[in-house]
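Visitor: Return a 3D structure for these sequence lines:
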Amino acid sequence: MSQPTPSTALTASGNFTVLVLVALDYLGLVAIFNFNHLVIAETVAPNLLLTWKLILIGGFTFLYFYLMDLYTFNSPLSQLGMLERSFIAMLLIGVTTVLAVYVIGPSFIGGFVGRGVLATSLIMLWLWSLGIRYLLNNWFVRQRSQVKWLVIVDSSLTQFLSDFRSVFDYEQLFLVSKLGIDQQELNDDFATWAGDWDDLEEVLARDDFAGVIIATPDTLPETLIKQMMDIRINGLRIFRLSNFYEQYLARLPIFHLNQHWLVTTHGFELIHNPIGLRFKRYIDLVIGLVGGLILLSVVLVIALIIILTSGFPVFYRQVRTGENGHQFTLIKFRTMVVDAEANGAQFAQKEDPRITKLGGLMRKFRIDEIPQLSNVLVGDMSFIGPRPERPEFIEVLQRDIPY
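Guide: Purely as a prediction, here's the structure:
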């Protein structure tokens, strides 16, 4: 069969974007701090601010930009847009830098990084980072439109196509179907029927694909498996549908999974690793203590605003089910009106009238969850782990969504 050449558009555009963003972020950081130092202090900064102090602030910038997924345009943090994520990152940079002043000493903020220079520079850096990301995103979109995926199917993939387009707007999908399937059934605004399984070699010769997605729950015929092996050896990436969902869509295709996959798939390794579990608990304690100290002033301010806008109580307590069915009381900032569940427990809804204006803002930025650090500290839940659900909903969820 012909030798397929793996498409590099996806990887190249992504890697290039990361390198450009990192370089522009640091150039912007140096230029902005120097400019503000010249304007505010009316003197040229020594060494053009290329000192360990600026490097430290740059380190905070790269760390929080990375954590907020600002070095990719296909963020798993899809519930927050780039504007919100960048704002949170800049807020964290400012808070961490100010804390460093108290830890290292006043000399850290003296001289070249005064309070005025720091504040104005962070605001300008935020605007700079947003601007270059919006400009680069337009270039990135054009690169993504060149990316083609080949999908091996044996039935309609309405759910997959919908999920794919919820993350990727521009990539092209080409479907190769099982013999006997009506191609009209597979035609979609977002995908193109390319041929039958017997036409695989010809389809691969026509186009340059980023990879092959096997979207069939059943075992492939031996001839097709041999072709897949040749394709893989020649360098083209092959994904099972579940692998593609995990790696690129940050979710699992429940509609496509079976009990065999759930039993044999990778995962749950931490459960069998006592040392890893102990280390994870230590990390939870460190995050809980450090995060609690850093956010203590934020908690006090939010509590005061809640009291002024909607009165008491400030906190909302709710029974949740944790590990091994253990029930505990979870603590959050109150985001709903008092007695919001007077008629019993119910799921939150879109544009829920029970949510206060301040509560809606806190939920958008996940500020209401800050008090849960206390639950992390006492061991009720982990900083990273499964969501502890309400006991009232567990029976329904177990019935409707097995496992």
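Visitor: which stretches of the stretch 1-150 of the chain form helices?
Guide: In the stretch 1-150 of the chain, the helices defined using DSSP state H, counting those that start in this stretch lie at 9-36, 52-67, 82-104, 115-144.
Visitor: Which among these is found nearest to residue 382?
Guide: Comparison of those against residue 382 by CB to CB identifies helix 52-67 as nearest, at 17.6 Å. In short, each C-beta sits where N, CA and C put it, glycine included.
Visitor: Please spell out which residues along the longest helix anywhere in the chain are buried.
Guide: For the chain, the longest helix by residue count, based on DSSP state H, is helix 274-310. Using 16 or more other CB atoms under 10 Å as the burial criterion, the residues of helix 274-310 that qualify are 280, 284, 287, 288, 292, 295, 299, 302, 303, 306, 310.
Visitor: Provide the strand pairings for the helix or strand hosting residue 176, with the direction of each partner.
Guide: For residue 176, the host element (DSSP states H and E) is strand 172-177. Sheet pairing for strand 172-177, assigned by DSSP bridges, gives strand 148-153 (parallel), strand 191-196 (parallel).
Visitor: Domain map for the protein?
Guide: Using automatic domain parsing, the domain ranges for the chain come out as 9-144, 148-252, 272-400.
Visitor: Okay, now the second one: how far is its last residue from its first?
Guide: Going back to what we said before, that points to domain 148-252. The first residue of domain 148-252 is 22 Å away from its last residue (CA to CA, to the nearest Å).
Visitor: now stretch 231-246
Guide: For stretch 231-246, the end-to-end distance is 22 Å (CA to CA).
Visitor: Begin at 62, not 1, for the rest of this chat.
Guide: Okay, residue one is now 62; in that scheme the one you just asked about reads as stretch 292-307.
Visitor: List the contacts of it.
Guide: Under the criterion CB atoms under 8 Å, 6 or more residues apart in numbering, residues 64-67, 221, 224, 265, 270-276, 289, 308, 312-314, 317-318, 322, 326 lie in contact with stretch 292-307.
Visitor: What is the burial count for the residue nearest to residue 319 when sequence neighbours are not counted?
Guide: Excluding its sequence neighbours, the residue lying closest to residue 319 (CB to CB, 6 or more residues apart in numbering) is residue 278, at 6.9 Å. Close neighbours of residue 278, defined as other CB atoms under 10 Å, add up to 14.
Visitor: sec struct for residue 278, please.
Guide: Secondary structure for residue 278, judged by DSSP: H, G, I helix; E, B strand; the rest coil, is coil.
Visitor: quick revisit: residue 282 is nearest to which of the helices of the stretch 62-211 of the chain?
Guide: The minimum distance between residue 282 and these falls on helix 70-97, with 28.8 Å, by CB to CB.
Visitor: Show me how far that closest one is from its chain's centre.
Guide: In terms of CA atoms, centre = their mean, to the nearest Å, the centre of helix 70-97 is found 20 Å from the chain centre.
Visitor: packing partners for that helix?
Guide: Counting contacts by 3 or more CB pairs under 8 Å, 6 or more residues apart in numbering; DSSP states H and E, helix 70-97 is packed against helix 113-128, helix 176-205.
Visitor: List the buried residues of the longest one.
Guide: To tie it back to what came earlier, the one meant is helix 176-205. 178-179, 181-183, 185-187, 189-191, 193-194, 197, 201, 204-205.
Visitor: I'd like the distance from it to the chain centre, please.
Guide: Here helix 176-205 is found 19 Å from its chain centre; the criterion is CA atoms, centre = their mean.
Visitor: and that helix, what does it pack onto?
Guide: Helices and strands touching helix 176-205, by 3+ CB pairs under 8 Å, 6+ apart, are helix 70-97, helix 143-165.
Visitor: angle of the longest one against helix 176-205?
Guide: If I follow you right, that is helix 70-97. Between helix 70-97 and helix 176-205, the angle comes out at 160 degrees (axes from the mean of the first three to the mean of the last three CA atoms, to 10 degrees).
Visitor: which regions of this protein sit below the pLDDT cut-off?
Guide: 62-76, 106-111, 134-141, 163-174, 201-207, 217, 240-251, 401-409, 464 (pLDDT under 70).
Visitor: what helices or strands is the helix or strand hosting residue 266 leaning on?
Guide: Per DSSP H and E, residue 266 falls inside helix 261-267. Under the contact definition 3+ CB pairs under 8 Å, 6+ apart, helix 261-267 sits against strand 209-214, strand 233-238, strand 252-257, helix 283-294.
Visitor: and it, which residues are buried?
Guide: Using 16+ other CB under 10 Å as the test for burial, helix 261-267 gives 261, 264, 265.
Visitor: what's the answer for stretch 417-431, then?
Guide: 417, 419, 420, 423, 424, 428, 429, 430, 431.
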